[in-house]
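[1] fold the following.
(2 chains)
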Amino acid sequence: MTRDDAIGTTEPNLAAHVDATFTADGADPFDVDAELSVSPGETLVILGPSGSGKTLLLESIAGFYPHDGHVTLGDRDITDAPPEDRTFGFVFQDYALFPHMTVRENVAFGQRYRDSSRDPADLLRDLRVADLAARSPPTLSGGERQRVALARALAVDPDAILLDEPLSALDVPTRESLREDLTDVLADVTAVYVTHNRTTARALGDRIAVMRDGRIVQTGTPDEIFDDPASAFVARFTGANVFELTDLPDDVAIPADAVLGDHDGLVAIRPEYVVFDPEEPVATGEIVRVVREDAGYRATIRVGDAAIDAHSRGPPRGETIGIGFHPGRLRPVER
Amino acid sequence: MSHSSSAGRRRLPLLLAVATVQVVAFALAYVADQPTLYAAFMLLSAVALAYGARGGLAGAAAALLGTVLLIALAFPLLLFAARQDPALVLEKLGDPGVHRMLYLSIYAPLLAAVFALLTGVPLAYLLSKGFPGSELVQSLVDLPLVVPHSVAGIIILFGFGPRGAFPQLSILGTMVGAVLAMTFVSAPFAVNSTREAFESLDRRVEHAARIHGATSFETFRRISFPLAARGILTGGVLAWARAVSEFGAVAVVAYTIRFFYPPAGQTVRAAHAPVFIFQEYLTGSLESSGAVAFILLVVSIAIFLVIRSVAQDGGRVL
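    Below you'll find the predicted structure:
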């Protein structure tokens, strides 16, 4: 759904163009020039490496920094509105709970200023932290704090919720557990979710916008971003193999259906579409590295001058192995 | 910290032993009327303790140099306390003039500290956020730290005297003048301590308040101010202590001060403690001025300890 489709609905639709130059002490000025729109109920994930400007973009939308550009929420132009009038909820990477208030006071904080039908006790229960209501934030674990922060953001019944890497400070089991709950929470709220973690982006995003150097370089559904990256940067950042066709040995015959469209020879393919040890290999190469992952192994195979990752059964390093490519999965990418 | 507490418990007997040895050594040197011997003992014991704590030669050298400074700071204080004549101190304690001086010397600095906080906290908040020209304003705030205090008094007379900004304001020898002089010299402590407290706040916590509906004033009232309260209180205590100890500016503006004294139910005249003690030293003796100074010192330390224990009550301030 585009922004225009949402006009006339009662739910908010967030559209923002942020154009600003940020200067930090001792650092070069950093330009952010990014445009995004989020449909009602949609979760847009902004995915990008550290320093790509995604947090600055989110905080500019929230109204923490002035910028040239515009922000609309529903039918309201909130470009010049102070943060308190923007009707957002915000979840910070480092929680930013009020340390001198109890958990219950933290969650109820915004209800003094905003009309909300959400009951803080219900929110705490839904987020499985009801028993912490009387506790003080400094006594909580990271995962507990982030659940409280999420409850605080939802308690104001926000028109859209902004989340800045809410999982990145958490250990892996806590992160996975909270990610599952976030899937439910974000199912029917309008959300912009900033992360550098592609797994989180794929799990939570209805759409993903990939950000680099203050610009959004590709927007699409998770499948579009992961399976059809527009550039070598997006491909590498989402975990795909990127190599030159000319890096492969001359005797490797790429199947005719493997490469789509015109290109200058740079291609990308996800490791899961590289067939490990098929009956009729397209190429052979030496396994130069094997990494143990959650569900199996990922082998790096040196084929000519290209290093290609594939899910493997875990044969040892040094073995020569054949590989193939799923039909149509070898995609041309821009440099 | 849990992992240092067991070591801390083991350290307590050692601390008591060291303290006992020091008290005995000081008492022996004092009774023998050879205080120099105790200074030497302090140096030797510091070196021995540092070496014994596996500080090595570098640790022993650091302890030696540090103790030289400690001797300069603590030795006069020790001798000052030890040489007081209890009868003279008691006599001064019963002197109504001393009572008036003590009342004035606690009350006037309190007014100055409250005034410095009332006006300084908002300024410190603005300085912590930064604004065009904030460096210039900060320099102005720091100016009293480098101006000789008698000069500060002269400046105040020029600024607020008969030909100053408020000619109808009577400052020569008045409470208003004394409080102005004290505020001038103590405000930097109130502002800077408060500014540092605001600067150490997590900006995101303030952002969190704003984005969930609080205006900038509500954010200040419910978030920034309570979280900075400890630093603000510290600033107030520092300003108060600085005002109590002010001599130069007060001596110039209000050598003696007319003020309403509740126990007498009338307006009386007295001098601020540092001026009073200086007068006592000039007209009386070292012993009598020392006794008054001793009383002032004990009262000041008691007030400081009370404020500190209130501030630390339950780990929460205010």
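
[2] how many residues are close by whichever residue of the stretch 1-150 of chain B sits closest to chain A?
    Chain A sits closest to B:Gly130 of the stretch 1-150 of chain B, with a gap of 11.0 Å, by CB to the nearest CB. All C-beta atoms are positioned from the backbone trio N, CA, C, and that covers glycine. The tally of other residues near B:Gly130 (other CB atoms under 10 Å in any protein chain shown) stands at 11.

[3] what of A:Ala149?
    Other residues lying near A:Ala149 total 26 when counted by other CB under 10 Å.

[4] before we move on, what about the one 4 residues further on?
    With neighbours defined by other CB under 10 Å, the count for A:Ala153 comes to 27.

[5] ditto for B:Leu111
    By the measure other CB under 10 Å, the count of residues near B:Leu111 is 17.

[6] about what we covered before: show the pLDDT at the residue of the stretch 1-150 of chain B closest to chain A.
    Note on B:Gly130: pLDDT of 91.

[7] quick check: phi and psi at it.
    Backbone torsions for B:Gly130, taken as degrees, to the nearest 10, come to phi 80, psi 140.

[8] please, where are all the helices along chain A?
    Assignment of helices within chain A using DSSP state H yields the ranges A:3-6, A:54-62, A:103-108, A:120-126, A:142-155, A:172-185, A:198-204, A:222-227, A:232-237.

[9] out of the ones you listed, flag the one nearest chain B.
    Comparing these by their distance to chain B (CB to the nearest CB), the top pick is helix A:54-62, with 5.4 Å.

[10] tell me what the closest one is packed against?
    Contacts defined by 3 or more CB pairs under 8 Å, 6 or more residues apart in numbering or on different chains; DSSP states H and E place helix A:54-62 against strand A:14-22, strand A:30-38, strand A:43-47, strand A:88-91, strand A:160-164, strand A:191-195, helix B:203-211.

[11] give me every residue that touches residue 164.
    Going with chain A. Neighbouring residues of A:Asp164 by CB atoms under 8 Å, 6 or more residues apart in numbering or on different chains: A:Thr55, A:Leu58, A:Glu59, A:Phe90, A:Val91, A:Phe92, A:Gln93, A:Val194.

[12] correction: the question concerned chain B.
    So B:Gly164 contacts B:Leu157, B:Phe158 (CB under 8 Å, 6+ apart).

[13] check A:Val274 too.
    With contact set as CB under 8 Å, 6+ apart, A:Val274 has these partners: A:Asn241, A:Ile308, A:Asp309, A:Ala310, A:His311, A:Ile323, A:Gly324, A:Phe325, A:His326.

[14] considering these, which possesses the most neighbours?
    Most neighbours among these, by other CB under 10 Å: A:Ala310, with 25 neighbours.

[15] now tell me which of the helices of chain A the model trusts least on average.
    Ranked by mean pLDDT, the helices of chain A bottom out at helix A:3-6, which scores a mean of 42.

[16] report how many residues lie close to the residue nearest to A:Ala130 when sequence neighbours are not counted.
    Counting by CB to CB, 6 or more residues apart in numbering or on different chains, A:Ala130 lies nearest to A:Leu124, which is 4.6 Å off, once chain neighbours are set aside. Neighbour count of A:Leu124, defined by other CB under 10 Å: 22.

[17] same thing with B:Gly133?
    There are 8 residues near B:Gly133, going by other CB under 10 Å.

[18] give me phi/psi at it?
    With angles defined as degrees, to the nearest 10, B:Gly133 sits at phi 90, psi 10.

[19] contact partners for B:Ile307?
    B:Leu233, B:Val237.

[20] which SSE is the closest residue to B:Gln84 other than its chain neighbours in?
    Take B:Gln84 and drop its neighbours on the chain: the residue closest to it by CB to CB, 6+ apart is B:Phe294, 5.1 Å away. Secondary structure assigned from DSSP states H and E places B:Phe294 in helix B:286-311.

[21] again, but for B:Phe260
    Assigned by DSSP H and E, B:Phe260 belongs to strand B:257-261.

[22] measure A:Arg147 to A:Gly322 for me?
    According to CB to CB, to the nearest Å, A:Arg147 stands 48 Å off from A:Gly322.

[23] which of these two has more neighbours?
    Remark: of A:Arg147 and A:Gly322, A:Arg147 carries more neighbours, 28 against 17, as counted by other CB under 10 Å.

[24] got the residues of the stretch 1-150 of chain A near chain B?
    Contact residues, the stretch 1-150 of chain A versus chain B (CB under 8 Å from any CB of the partner chain): A:59, A:62-64, A:82-84, A:86, A:88-90, A:92, A:94, A:96-100, A:109-110, A:112-114, A:149.

[25] narrow the residues you listed to those that are buried.
    Taking 16 or more other CB atoms under 10 Å in any protein chain shown as the criterion, what is buried in the residues of the stretch 1-150 of chain A next to chain B is A:59, A:62-64, A:83-84, A:86, A:88-90, A:92, A:94, A:96-98, A:100, A:109-110, A:113-114, A:149.

[26] low-confidence ranges in chain B?
    Residues of chain B that meet the criterion pLDDT under 70 lie in B:1-10, B:312-318.

[27] same check on chain A?
    Along chain A, the model assigns pLDDT under 70 to residues A:1-12, A:255-264, A:315.

[28] A:Leu330 versus the residue lying farthest from the centre of it, what's the distance?
    Distance from the C-alpha centroid of chain A, by CA atoms, centre = their mean, peaks at A:Asp251 (39.4 Å). From A:Asp251 across to A:Leu330, the span is 17 Å (CB to CB).

[29] give me phi/psi at A:Pro29?
    Backbone torsions for A:Pro29, taken as degrees, to the nearest 10, come to phi -60, psi 140.

[30] counting neighbours, what do you get for it?
    A:Pro29: 8 neighbours (other CB under 10 Å).

[31] likewise for B:Gly231?
    Residues near B:Gly231, counting by other CB under 10 Å: 21.

[32] is chain A contacted by the host helix or strand of it?
    Assigned by DSSP H and E, B:Gly231 belongs to helix B:225-244. Yes: Helix B:225-244 comes into contact with chain A (CB under 8 Å from any CB), by way of B:Pro226, B:Leu227.
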